[in-house]
Each structure stands twice: as structure tokens, then as C-alpha cells.
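> next come a sequence and a model predicted from it.
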Amino acid sequence: MAAAGPSVFLLMVNGQVESAQFPEYDDLYCKYCFVYGQDWAPTAGLEEGISQITSKSRDVRQALVWNFPIDVTFKSTNPYGWPQIVLSVYGPDVFGNDVVRGYGAVHLPFSPGRHKRTIPMFVPESTSKLQKFTSWFMGRRPEYTDPKVVAQGEGREVTRVRSQGFVTLLFNVVTKDMRKLGYDTGPSDTQGVSGPSPPPGRPL
């Protein structure tokens, strides 16, 4: 009797929120979470995290380096709703209040291997100068009540935002059983960890 084929595939991701560029700000920390479709489920690792506070490097880059680890595994029956990582960066204003300095989101890489992504960040803007002054004076800048809205399209067209800074992430991606379910993510689709390929012309 033939063994039953797999009914789900796995997406295994580890890496790190490496660094950020926010020329106007210092002493920032980062939060991350994942947004994914209803057919997806986390099976291992952490779905959210918060980094340490970091200060700008002393060199000309003035990079904010976190090297904050990411490690998560998802299972799914289809690629619809492929996971996105949502980032929120916070730091102190002139009054010492923690305010948002940037939101951003990107899909986890589709193909196995090592990937580097630089995400442009943005912040919501007040709709009037009076609101802008009031929010600055009260230390309550515009921000999303749920950062996951960044990864969704509904209502985004009515939100006024301003670009501000970049965050760089590193991903190491392994997929399992995607090809067996009929999905092709490229020639390096990994069905577990394999050794080196034999030289051409040699029998397996």
C-alpha cells in the first residue's frame, strides 16, 4: 500500500532584524509581528518580539544595529496569505515619551536560501497643522492602534503618511514539501537538508 503524500508544506525562517537608518533619530527599539492568511498556522518559534534599545554607530554610516533574532516555522496547505513581517520602530521624543518612528512590512521570501531585504519605513501624519502641533505638544503622535494594519490594504488609501528611515533584515529560508504539493519556488526548493550534488556524468 502506497504511503499517503503530505497534506501541508512547511516554511521555516530564521534570521535577524539587522539594522536601521534613521538620520534624524537615536536610541530606537523595534517590534515585529507576523500577518498571515487563514490557511497558515505557526508551528514553532516566536510570532512577535521586541528588541533592545540601540544607539547610532560612531562611524560615518550612523547605523542603528539591533541584530535581533527571528525564528519561526509556519505550515499551510496553499500559498494564499503568504506571511508578512510587520515592523514598528519606536524612540523618545524631546519630552522623553516613546513615539513611533516608523512602520513597514515585507513578505517573507518565497524561495529557499539567504535573503537580505531593506524596508522603507513610514509614519502616519496629522491632517492639519493644529493637530500636528497638539500631538507634538501632548506627546501623542499619530499611530496605528494595531500595527498589523500596515500589512493590509483596507483603508490605507485614506491615511496620510510620510516616508522616514529604512530597516534591513536578513532571512534564511527553508521550505519542505512544497514541490510535492505542486508548488515550484525555483531550482533550490529544499526538501530537507541535502548534501552536495554529484559531479555531472556520474551515476547517482
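Received the coordinates, thanks.

> name the helix or strand of the chain that has the lowest mean pLDDT.
helix 129-138 (a mean of 57; mean pLDDT, DSSP states H and E).

> what pairs with the residue nearest the centre of the chain across the strands?
Centroid-nearest residue in the chain, with C-alpha atoms, centre = their mean: Ile85, separated by 2.9 Å. Beta bridges link Ile85 to Phe34, Val106, judged by DSSP bridges.

> any idea how far it lies from Pro6?
Plainly put, Ile85 is 25 Å away from Pro6 if you go by C-beta to C-beta, to the nearest Å. Every C-beta, even on glycine, is put in place using the N, C-alpha and C of the backbone.

> again, but for Ser57
For Ser57 relative to Pro6 (C-beta to C-beta), the value is 45 Å.

> over to Val161?
42 Å.

> that older thread, dump the helix or strand following the least confident helix or strand of the chain to PDB, restricted to CA.
Scanning forward in sequence from helix 129-138 by DSSP states H and E, the next helix or strand is strand 161-176. Below are the C-alpha coordinates for strand 161-176, written out as PDB (Å, rounded to 0.1, in the frame of the first residue of the first chain):
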ATOM      1  CA  VAL A 161       1.800  59.100   5.700                       C
ATOM      2  CA  ARG A 162       5.400  60.300   5.400                       C
ATOM      3  CA  SER A 163       8.400  58.300   4.500                       C
ATOM      4  CA  GLN A 164      11.000  58.100   7.200                       C
ATOM      5  CA  GLY A 165      14.000  55.700   7.500                       C
ATOM      6  CA  PHE A 166      14.900  52.200   6.400                       C
ATOM      7  CA  VAL A 167      15.300  48.800   8.200                       C
ATOM      8  CA  THR A 168      17.400  46.000   6.900                       C
ATOM      9  CA  LEU A 169      16.500  42.300   7.600                       C
ATOM     10  CA  LEU A 170      18.300  39.100   6.900                       C
ATOM     11  CA  PHE A 171      16.400  35.900   6.300                       C
ATOM     12  CA  ASN A 172      17.400  32.200   6.000                       C
ATOM     13  CA  VAL A 173      14.600  30.300   4.400                       C
ATOM     14  CA  VAL A 174      13.900  26.600   4.100                       C
ATOM     15  CA  THR A 175      10.700  25.100   2.600                       C
ATOM     16  CA  LYS A 176       9.600  21.500   2.900                       C
END
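
> what are the pairing partners of strand 161-176, and which direction each?
Per DSSP bridges, strand 161-176 is paired in its sheet with strand 9-21 (antiparallel), strand 113-124 (antiparallel).

> who's in contact with Val106?
Residues near Val106 by C-beta atoms under 8 Å, 6 or more residues apart in numbering: 84-85, 117, 119, 169.

> quick one on the thing from earlier: any idea which of the strands paired with strand 161-176 is most buried?
Across those, averaging neighbours per residue (mean count of other C-beta atoms under 10 Å) puts strand 9-21 on top, at a mean of 20.
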